[in-house]
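*Asks:* task: produce atomic coordinates for the following.
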Amino acid sequence: MLLIDRRGRRYMITLSPGGQSDLRGGKIGHDELLGRDAGGTVRSTRGERFLVVRPTLAEFVLEMPRGAQVIYPKDLGAILMLADVFPGARVLEAGTGSGALTMTLLRAVGPEGRVASYEVRDDFARVAERNIQRYLGSPPGLVLRRHDVYDGILPDDRPLDRIILDLPEPWRVVPSAAEALAPGGIFLAYVPTILQGMQTVDALRASGSFALLETLEVLMRPWNVDGRSVRPAHRMVAHTAFLIVGRRVQRGAAPAAIEVPADAEPPDESGEAPEDPEA
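*Replies:* Coordinates of the predicted model:
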């Protein structure tokens with residue numbers, strides 16, 4: 001459960017019969033919360049009131065223990081859409097990190113889907129396993145592997161519909177990704193610097209097996225709305241990483257022209273793209 005005090009401070013706790021949590025505003029017995037609907041309030045032993053809600057996945061990701069740096073919710077949502085992760089999809093993720101992307105993918109693929117997650121560091125993998133267990137229990141479609149994806153994608157995990165990488169050198173995975181992805185499958189890499197993004201795009205283009213390449217970042221600016229006081233927040237979640245996306249196509253069917261220009265105009269209401277005046 002997520003407990004929020006009058007100053008907006010957040011405390012994420014796991015309830016257990018007879019348990020007790022010692023918060024800044026006093027102690028709260030878990031028996032007072034077990035069996036109650038979310039959205040109510042509870043008072044601590046010092047009289048402090050707390051709003052009690054179940055944490056959303058985004059809230060859990062921001063509050064959960066971390067081994068590796070997590071992917072922020074603003075990017076997780078974009079990843080699901082850009083990679084078109086659908087119910088029943090077969091997805092490969094590397095690396096597992098703290099499990100934020102893993103949990104997001106598991107919810108998207110549903111009980112009929114499959115997420116194979118590769119991680120080489122035991123400490124990261126242990127943190128991720130605990131986080132996943134704490135929030136999702138034991139998802140039937142999850143396969144956690146201690147394997148270096150740079151050494152290739154394991155035969156048991158092929159074919160794949162989507163490959164999503166949070167690695168320092170995703171371009172090294174492009175050759176095996178081209179073999180493991182089903183026709184039309186999507187490759188997505190999450191990298192913090194544009195130099196990593198450039199190398200990844202170059203590798204995708206050079207392989208001849210990927211088209212519709214896109215490179216973008218997601219910026220999020222909150223707003224404060226309080227009566228007539230309406231203004232942007234003083235702080236925004238700006239650059240976190242670049243997202244590199246490519247579509248698996250038949251080898252040789254990906255000329256450089258078949259890409260998504262960064263300044264491409266959206267289709268008009270008829271569904272057709274506007275004509276190029278220079279064409």
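*Asks:* every contact and neighbour count from this point should use C-alpha atoms.
*Replies:* Fine.
*Asks:* the lengthiest strand in the chain pairs with which strands?
*Replies:* What stands out as the longest strand in the chain, according to DSSP state E, is strand 181-191. Strand pairing for strand 181-191, determined by DSSP bridges: strand 160-165 (parallel), strand 242-248 (antiparallel).
*Asks:* what's the following helix or strand after that strand?
*Replies:* helix 194-207 (DSSP states H and E).
*Asks:* residues in contact with that next one: which ones?
*Replies:* Helix 194-207 has contacts (C-alpha atoms under 8 Å, 6 or more residues apart in numbering) with 168-171, 174-175, 189, 191, 210-211, 213, 215, 242-244, 246, 251, 254, 256.
*Asks:* try 10 Å
*Replies:* With contact meaning C-alpha atoms under 10 Å, 6 or more residues apart in numbering, helix 194-207 is reached by 167-175, 177-178, 187-191, 209-216, 241-248, 251-252, 254-256, 259.
*Asks:* buried ones among the residues you listed?
*Replies:* Using 16 or more other C-alpha atoms under 10 Å as the burial test, those include 167, 170-174, 177-178, 187-191, 209-215, 241-248, 254, 259 as buried.
*Asks:* so what's the one residue sitting closest to the centre of the chain up against?
*Replies:* The centroid of the chain falls nearest to residue 76 when counting by C-alpha atoms, centre = their mean (3.1 Å). When contacts are counted by C-alpha under 10 Å, 6+ apart, residue 76 touches 58, 70, 82, 100-101, 104-105.
*Asks:* SS state for it?
*Replies:* Put simply, residue 76 is helix when judged by DSSP: H, G, I helix; E, B strand; the rest coil.
*Asks:* quick one: it and residue 163, what's the gap?
*Replies:* According to C-alpha to C-alpha, to the nearest Å, residue 76 and residue 163 sit 14 Å apart.
*Asks:* and if you look at residue 87?
*Replies:* Here the distance between residue 87 and residue 163 works out to 15 Å (C-alpha to C-alpha).
*Asks:* compare the two (neighbour count), which wins?
*Replies:* For residue 87 and residue 163, the more surrounded residue by other C-alpha atoms under 10 Å is residue 163, and the numbers stand at 26 against 16.
*Asks:* residues touching the closest residue in space to residue 243 that isn't next to it in sequence, list them.
*Replies:* Take residue 243 and drop its neighbours on the chain: the residue closest to it by C-alpha to C-alpha, 6 or more residues apart in numbering is residue 190, 4.9 Å away. Shown in contact with residue 190 (C-alpha under 10 Å, 6+ apart): 71, 75, 79, 164-168, 170, 196-197, 217, 240-245.
*Asks:* could you redo the last one with a cut-off of 8 Å?
*Replies:* Counted by C-alpha under 8 Å, 6+ apart, residue 190 has contacts 164-167, 241-244.
*Asks:* out of those residues, which is nearest to residue 41?
*Replies:* residue 241 (37.6 Å; C-alpha to C-alpha).
*Asks:* what pLDDT does the model give the closest one?
*Replies:* Here, the pLDDT recorded for residue 241 equals 96.
*Asks:* how much space separates it from residue 196?
*Replies:* Residue 241 is 10 Å from residue 196, by C-alpha to C-alpha.
*Asks:* ditto for residue 83
*Replies:* From residue 83 to residue 196 the distance is 19 Å (C-alpha to C-alpha).
*Asks:* likewise residue 88?
*Replies:* Residue 88 is 31 Å from residue 196, by C-alpha to C-alpha.
*Asks:* those two - which one has more neighbours?
*Replies:* More crowded of residue 88 and residue 196, by other C-alpha under 10 Å: residue 196, with 20 against 17.
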